[in-house]
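How does the following fold in three dimensions:
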Amino acid sequence: MKNETQTILIIDDDDQLRNSFFRLLTEENYQVKAAASGEQGLEMIKKQIPDLVILDIRLPGMNGMETFEAIHDIEPKLPVIIMTAYGTTQTAIEATKTGAFDYILKPFDIPDMLTIIKKALESGRFMRSHVKMDPAPDESFHEAVIGRSTPMQEVYKAIGRVSPTDATVLIRGESGTGKELIARAVYQHSSRNQKPFLPINCVAIPETLLESELFGYEKGAFTGAAHRRIGKIEQAHGGTIFLDEIGDMPLSLQSKILRLIQEKSIERLGGRETIPTDVRIIAATNRNLENAISEGMFREDLYYRLKVVTIWLPPLRERRGDIPLLEEYFLSRYSAENNLVNPGITQEAVNTLCAYPWPGNVRELANIIQKVLIFNRGAPIVQEEISQALNEKGARKNENIEENQDILSFIQKELSRTDKENLFDSCMDHFASLLIREALNLSGGNRTQAAKILGLSRPTLHSRIEKYGIKLETAVKSE
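Modelled structure (predicted):
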């Protein structure tokens, strides 16, 4: 899928640092603009709003805090990352509490900076891209919730009723039904829509890091905690936190989320200070929380606090009448994004789509439409093209079952060993090494291309190559 290049504005009076950022970020396929002062940066923002600003706290003339406040007045939803020296950390913390996305200390670690940049850009996109509810066929929206069936009408009604309130919302539904879009729609129609919206995936972040990511930490809270850092909950003050996959949140953190909802306060990791926090909680899960409660994996008191309002998203098989609307939307969207002419689709092909059970829901339908469109030669999409794409998907699933048996055999063998320490880490390193080798093979040894395939930054890929001792000539050698 074709993506527009994202623009990052660097505001720093250090020529060498600006040049370093330019080389680093252009290599990561970002468009980079630079300003040597706050005043110059503001003029550039007034002419064209970038996707992200990286701002030094110490600037000649208008200082970093004054510049940040002026940026916030121009576009409250524009994410700003503050750069600071150790001595001005408290100033950066105050900026973050008033709306800056995050802060990072100089000198910074490049992979860490790239990770924060990626998260900030994602957050900015979430806040500023509008989710349209059931647009008309002639309307074009990059992200929309499509459906006119009775179950979807109930979803729209629920969004309209709960959005103006501060009530906690629990969004439930199978994977691929669009829970994140519904969360963003609730946020966009709420009175908090000019404040931050920060998504946290409770599965994607390791348990050891999730607590500090959410609640922050004090200096000395653990080895490596060299300074205070505030968490996402404090950063979202006045706004909304979206806890995706909350059904998989560790029990140890569920009690802290319960306290946040009940007492509207938190404590940082390693701290004793009670910090008042005003955030709205929207949570989502595809798990059966009732079963999780009975199994002792989810707190019953948190469950009732979360489900003040529950929005149920129906699986696609229960709203088949929306499939023609969805395929029409995805054909139009992906044609525009890939600079292709929309070829249309035959009624027989639509009937085939409507008859399929769609275990992967709307996400699966979108993937099938995109694939068929890319390989289509310009004529209307016919039934055979849809059937072939669905059959290939089924064949790949069977292949994956056989491949998974090989992986499972390896895992069982490793688990049977009693002489190996750190078994989890060693197995993950084994699979990560294989994954990187295959990406390098696929890219012909091109590290930039391999990093794109893996969704990693180049510095991260380089560090992993060194960690696993992968020799480039070995990795690209034909087996």
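
the strands in the protein, which residues?
Using DSSP state E, the strands found in the chain span residues 7-11, 31-35, 52-56, 80-84, 102-105, 132-133, 144-145, 169-172, 197-201, 240-244, 265-266, 275-276, 280-285, 309-312.

got the domain boundaries for the protein?
With domains defined by automatic domain parsing, the chain comprises 7-123, 150-313, 317-394, 417-479.

hmm, back to that, figure out which of the strands of the chain is closest to residue 445.
Proximity to residue 445 (Cβ to Cβ) singles out strand 31-35 among the strands of the chain, at 27.2 Å. C-beta: built from backbone N, CA, C; applies to glycine.

And for the closest one, what's in contact with it?
By Cβ atoms under 8 Å, 6 or more residues apart in numbering, the list of residues contacting strand 31-35 from outside reads 5-12, 18, 21-22, 25-26, 41, 44, 50.

Which one among these sits at the bottom for pLDDT?
Least confident entry in the contacts of strand 31-35, by pLDDT: residue 5, with 84.

Find the nearest non-adjacent residue to it, please.
Distance criterion Cβ to Cβ, 6 or more residues apart in numbering; nearest residue to residue 5, sequence neighbours excluded, is residue 31 at 4.8 Å.

Test of understanding: give the bridge partners of that neighbour.
Following DSSP bridges, residue 31 is listed with bridge partners residue 7.

Closest one of the contacts of strand 31-35 to residue 317?
residue 6 (36.3 Å).

Go ahead and confirm the closest one touches residue 122.
No: using Cβ atoms under 8 Å, residue 6 and residue 122 do not qualify as a contacting pair, with a distance of 10.1 Å.

Residue 465: which of the strands of the chain is closest?
Nearest to residue 465, of all the strands of the chain, is strand 102-105, at 24.8 Å by Cβ to Cβ.

Mind giving me the packing neighbours of the closest one?
strand 80-84, helix 89-97, helix 110-128 (3 or more Cβ pairs under 8 Å, 6 or more residues apart in numbering; DSSP states H and E).

Those: lowest mean pLDDT?
Among the helices and strands packed on strand 102-105, helix 89-97 carries the lowest mean pLDDT, at a mean of 81.

relative to strand 52-56, how tilted is it?
Here helix 89-97 runs at an angle of 160 degrees relative to strand 52-56 (axes from the mean of the first three to the mean of the last three Cα atoms, to 10 degrees).

got the contact list for helix 89-97?
Contacts of helix 89-97 (Cβ under 8 Å, 6+ apart): 57, 64-65, 68, 80, 82, 84, 100, 102-103, 105, 227-228, 230, 234-235, 237.

Now with 6 Å, please.
The contact list for helix 89-97, computed with Cβ atoms under 6 Å, 6 or more residues apart in numbering, reads 57, 68, 82, 84, 103, 227, 230, 235.

any idea how far residue 157 is from the residue nearest to the first one when sequence neighbours are not counted?
If the residues on either side of it in the chain are set aside, residue 57 comes closest to residue 64, at 3.6 Å by Cβ to Cβ, 6+ apart. Counting by Cβ to Cβ, to the nearest Å, the gap between residue 64 and residue 157 amounts to 45 Å.

again, but for residue 363
Distance from residue 363 to residue 157, by Cβ to Cβ: 24 Å.

Name the residue in the two with the higher neighbour count.
Using other Cβ atoms under 10 Å, the more surrounded residue of residue 363 and residue 157 is residue 363, with 15 against 11.

The residue lying closest to that one once chain neighbours are set aside: neighbour count?
Using Cβ to Cβ, 6+ apart and skipping the chain neighbours, the partner closest in space to residue 363 is residue 176 (3.4 Å). Close neighbours of residue 176, defined as other Cβ under 10 Å, add up to 20.

need the contact list for residue 176.
When contacts are counted by Cβ under 6 Å, 6+ apart, residue 176 touches 360, 361, 362, 363, 364.

Determine which two of the residues you listed are furthest apart.
Largest separation among the contacts of residue 176 by Cβ to Cβ: 360 and 362, giving 8.3 Å.

Comparing these two, which shows the higher neighbour count?
Taking neighbours as other Cβ under 10 Å, residue 360 and residue 362 compare with residue 362 leading, 24 against 18.

Distance check, the residue nearest in space to the middle of the chain against residue 213.
Centroid-nearest residue in the chain, with Cα atoms, centre = their mean: residue 122, separated by 6.0 Å. As defined by Cβ to Cβ, residue 122 lies at a distance of 14 Å from residue 213.

Residue 120 now?
Residue 120 sits 14 Å away from residue 213, taking Cβ to Cβ as the criterion.

more crowded one of the two?
Taking other Cβ under 10 Å, residue 120 and residue 213 do not tie; residue 120 has more neighbours (22 against 16).

And stretch 430-437, how far out from the chain middle?
The chain centroid and the centroid of stretch 430-437 are separated by 23 Å, computed with Cα atoms, centre = their mean, to the nearest Å.

Let me see the mean pLDDT of it.
The model assigns stretch 430-437 a mean pLDDT of 86.

Kindly format the C-alpha coordinates of that stretch as PDB.
What follows is stretch 430-437 as a C-alpha-only set of coordinates in PDB (Å, rounded to 0.1, in the frame of the first residue of the first chain):
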ATOM      1  CA  HIS A 430      17.100 -18.300  17.300                       C
ATOM      2  CA  PHE A 431      13.900 -17.400  15.500                       C
ATOM      3  CA  ALA A 432      14.900 -13.700  15.200                       C
ATOM      4  CA  SER A 433      18.200 -14.800  13.600                       C
ATOM      5  CA  LEU A 434      16.400 -17.000  11.100                       C
ATOM      6  CA  LEU A 435      14.000 -14.200  10.300                       C
ATOM      7  CA  ILE A 436      16.700 -11.600   9.600                       C
ATOM      8  CA  ARG A 437      18.700 -14.100   7.500                       C
END
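
in that stretch, what counts as buried?
433, 436, 437 (16 or more other Cβ atoms under 10 Å).

Same check on stretch 49-62?
Within stretch 49-62, the residues that count as buried by 16+ other Cβ under 10 Å are 49, 50, 51, 52, 53, 54, 55, 56, 57, 58, 59, 62.

Now distance to residue 163 too, for those, in CSV please.
What follows is these, written out as CSV (distance: Cβ to Cβ, whole Å):
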residue, distance to residue 163
49, 25
50, 29
51, 26
52, 27
53, 29
54, 32
55, 32
56, 37
57, 36
58, 41
59, 39
62, 37
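
all helices for the stretch 301-450 of the chain, in order.
Taking DSSP state H, counting those that start in this stretch to define them, one finds helices in the stretch 301-450 of the chain at 323-337, 347-355, 361-375, 383-415, 423-442, 447-454.

Can I get the last one in CSV, CA atoms only?
The reference is to helix 447-454. Below are the C-alpha coordinates for helix 447-454, written out as CSV (Å, rounded to 0.1, in the frame of the first residue of the first chain):
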residue,chain,number,x,y,z
ARG,A,447,20.1,-4.0,4.5
THR,A,448,17.8,-1.0,3.8
GLN,A,449,15.3,-3.2,2.0
ALA,A,450,15.6,-6.0,4.6
ALA,A,451,14.9,-3.4,7.4
LYS,A,452,11.7,-2.3,5.5
ILE,A,453,10.6,-5.9,5.1
LEU,A,454,11.0,-6.5,8.8
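
Other residues contacting it?
So helix 447-454 is contacted by 439, 440, 443, 458, 461 (Cβ under 6 Å, 6+ apart).

I appreciate the help and will end here.
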